[in-house]
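>>> predicted structure and sequence below. I'll ask about it afterward.
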Amino acid sequence: MTVVAATKYVSVAEMAVLAEAGIEVVGENRAQDLAEKHAAYGDTFRWHFIGHLQSRKAKLVSGLCELVHSVDSESAARRLEIPALVQVDLAGEQSKSGVAPAELDRLLALGLEVRGLSTMPPLAPDPEASRPYFRRLRELARARGLPELSMGTSQDYRVGAEEGATYVRVGSSLFRG
C-alpha cells in the first residue's frame, strides 16, 4: 500500500517538511497548486493528482504527475495522457465528484489506461461507516480486473487498508501537533 500525502492545505514552504520526513508520494487537489509546488520541488516527490480533474487542466496534470486518482468525465479521460483511476460516487452525493457505478463501464471503454478505482465515502464520525463503500469499490474493481484502489483518508485509512486499498490519501493526520 502506498501512502499519498494529500497537500491541499500545505503551503509551498511547508512542503519542505514532507521532503525532510522522507515522504515519497504527494497528491494535490488543484492543478494551479500542483504547478506551483512542482516548480519548487520537482523530482523530490512522485506526484499524483487527487482532486476533481477539469478537462482543460488534463494536459498540465499529464505533464507533472504519474497518476490521477479522480477521472470522472469523458472529456477529461480523452485528454489525459497518463494512467488514471476512475472516481466512483458510491453514495450518490451531489456535492462530490465521481461517476455512478452504472456509468463506470462506459468510461472504462474510452481507451484511457485505467489502473483502478477510487472513492470518497460520506464524511462520518465513525471510520467503520466507510467500510461498505470501500467493500463495494473493491468488488467493482475486481469484477473488471482492475488492481488499484484509492480509498481512505486521514479519518478512515485503516478501514481502507483492511478493505484492500493500494493507495490511502492522508493529509491532516500528517500535520497534527
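That came in fine, so what should we check first?
>>> where exactly do the helices run in this protein?
With DSSP state H, the ranges of helices along the chain come out as 15-20, 31-41, 58-64, 74-79, 104-108, 131-143, 157-162, 172-175.
>>> of all these, which lies closest to residue 49?
helix 58-64 (4.8 Å; C-beta to C-beta). Just so you know, the C-beta spots here come from the backbone N, C-alpha and C atoms, and that holds for glycine as well.
>>> return the member of the helices of the chain having the minimum mean pLDDT.
Mean pLDDT per stretch puts helix 172-175 lowest among the helices of the chain, at a mean of 78.
>>> kindly export it (C-alpha atoms) in PDB.
Below are the C-alpha coordinates for helix 172-175, written out as PDB (Å, rounded to 0.1, in the frame of the first residue of the first chain):
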ATOM      1  CA  SER A 172      -4.400  16.400   8.200                       C
ATOM      2  CA  SER A 173      -3.000  13.400  10.200                       C
ATOM      3  CA  LEU A 174       0.500  14.300   8.900                       C
ATOM      4  CA  PHE A 175       0.300  17.800  10.300                       C
END
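>>> what are the buried residues along it?
residue 174 (16 or more other C-beta atoms under 10 Å).
>>> stretch 109-121 too?
Within stretch 109-121, the residues that count as buried by 16+ other C-beta under 10 Å are 112, 114-121.
>>> C-alpha coordinates for that stretch, PDB please?
Presented in PDB, the C-alpha positions along stretch 109-121 are these (Å, rounded to 0.1, in the frame of the first residue of the first chain):
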ATOM      1  CA  ALA A 109     -14.300   1.800 -22.700                       C
ATOM      2  CA  LEU A 110     -12.700   5.100 -23.800                       C
ATOM      3  CA  GLY A 111      -9.200   3.800 -24.100                       C
ATOM      4  CA  LEU A 112      -7.600   5.600 -21.200                       C
ATOM      5  CA  GLU A 113      -5.100   3.500 -19.200                       C
ATOM      6  CA  VAL A 114      -7.200   2.800 -16.200                       C
ATOM      7  CA  ARG A 115      -5.400   1.100 -13.400                       C
ATOM      8  CA  GLY A 116      -8.200   1.000 -10.800                       C
ATOM      9  CA  LEU A 117     -10.900   2.900  -9.000                       C
ATOM     10  CA  SER A 118     -11.200   5.500  -6.200                       C
ATOM     11  CA  THR A 119     -14.000   6.700  -4.000                       C
ATOM     12  CA  MET A 120     -14.700   9.200  -1.200                       C
ATOM     13  CA  PRO A 121     -17.400   8.000   1.100                       C
END
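>>> perfect, I'm done here.
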